[in-house]
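1. Build me a model from this:
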Amino acid sequence: MPIKISKHIQTKAPTLFPDADQASVYAAQQIAELIHQKQREGNQVTLGLATGNTPKKVYQELIRLHKNEGLSFQNVITFNLDEYYPIGPDNDQSYTYFMRHNLFDHIDIQQENIYIPQTNSTPQEVAKYCQAYEDKIAEYGGLDLQLLGIGRNGHIGFNEPGSSFESTTRLVNLHPLTREDAIAQFGTIDKVPHQAISIGIHTIMQAKRILLLALGERKSEIMNKALSGEISVDIPASILQTMSQVEYILDQEAAVLIQEEDRV
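-> Numbering: from 1, shown residues only. The predicted model follows:
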């Protein structure tokens, strides 16, 4: 069972778990319950998905639910938050490859229902492509649920510090800290792309439900700022404080500074 942090920090207090495994399973269960609900109603469900280390165990649990408990993804449409630019979908460092390897190849989702930003457009074509991505999300009625991680600089998606809260899908320049954190993935800083295509903050804010998952002590400082600090474009995730549809899902390590403030 989740533990609730007692201090009222925003509209809904964070949901706290003893470890990353339990937090991830809980997040997966929330997604699965929404899928089941939409199936009972005879409707499709549109999910916004994230990449990186944070959601990996969420996807592992969704795969387990599919294989062992019959969770079907036949009614699911997915839109990924972002993709490095320029990088091809077959590149093993791409988020397209990541999603196939960590989720899509192991479930029964229809391939035509998977949308991931494609970054093989020329610079002149990118703006048109980004608008088409926005239009496709709108065509499905917006996102029913958006799964988010958070960067150490407060980014959500690749909406880096300074991103407008009114931003939509666009080509962005990656923050130095974001590129530094990607070294383990790419091998050296020289191989880390300088740009990416990212769904914007405004688009994220339109999601009917948002799950922000933060795991590990490395995320504790930024989570404390995002939850209880000033709402500012300097910490893009801080805008989520204003939104009642957000649920923050943290393990003990990610919440350590919040708990320390609670004891003061």
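2. Name the surrounding residues that touch stretch 228-247.
-> For stretch 228-247, contacts defined as C-beta atoms under 8 Å, 6 or more residues apart in numbering pick out 9-12, 15, 30, 148, 150, 153-156, 159-165, 201, 205, 207-212, 222, 225-227, 248, 258, 261. (Glycine included, C-beta is placed from N, CA and C.)
3. Which members of the residues you listed are classed as buried?
-> Neighbour-count burial (16 or more other C-beta atoms under 10 Å) applied to the contacts of stretch 228-247 gives 9-10, 15, 30, 148, 150, 153-156, 159-161, 163, 165, 201, 205, 207, 209-212, 222, 225-227, 248, 258.
4. CA atoms of the helix or strand containing L227 as PDB?
-> Here L227, judged by DSSP states H and E, is contained in helix 220-228. Taking Å, rounded to 0.1, in the frame of the first residue of the first chain, the C-alpha atoms of helix 220-228 are listed here in PDB:
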ATOM      1  CA  SER A 220      15.200  14.300  -4.700                       C
ATOM      2  CA  GLU A 221      16.500  17.800  -5.000                       C
ATOM      3  CA  ILE A 222      14.600  18.600  -8.200                       C
ATOM      4  CA  MET A 223      11.500  17.000  -6.900                       C
ATOM      5  CA  ASN A 224      11.600  19.200  -3.800                       C
ATOM      6  CA  LYS A 225      11.900  22.300  -6.000                       C
ATOM      7  CA  ALA A 226       9.200  21.100  -8.500                       C
ATOM      8  CA  LEU A 227       6.700  20.300  -5.700                       C
ATOM      9  CA  SER A 228       7.200  23.200  -3.300                       C
END
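5. following it, which helix or strand comes up?
-> strand 246-251.
6. Next, the angle from that following strand to helix 220-228.
-> On the basis of axes from the mean of the first three to the mean of the last three C-alpha atoms, to 10 degrees, strand 246-251 is oriented at 150 degrees to helix 220-228.
7. gap between strand 246-251 and the chain center?
-> The chain centroid and the centroid of strand 246-251 are separated by 12 Å under C-alpha atoms, centre = their mean, to the nearest Å.
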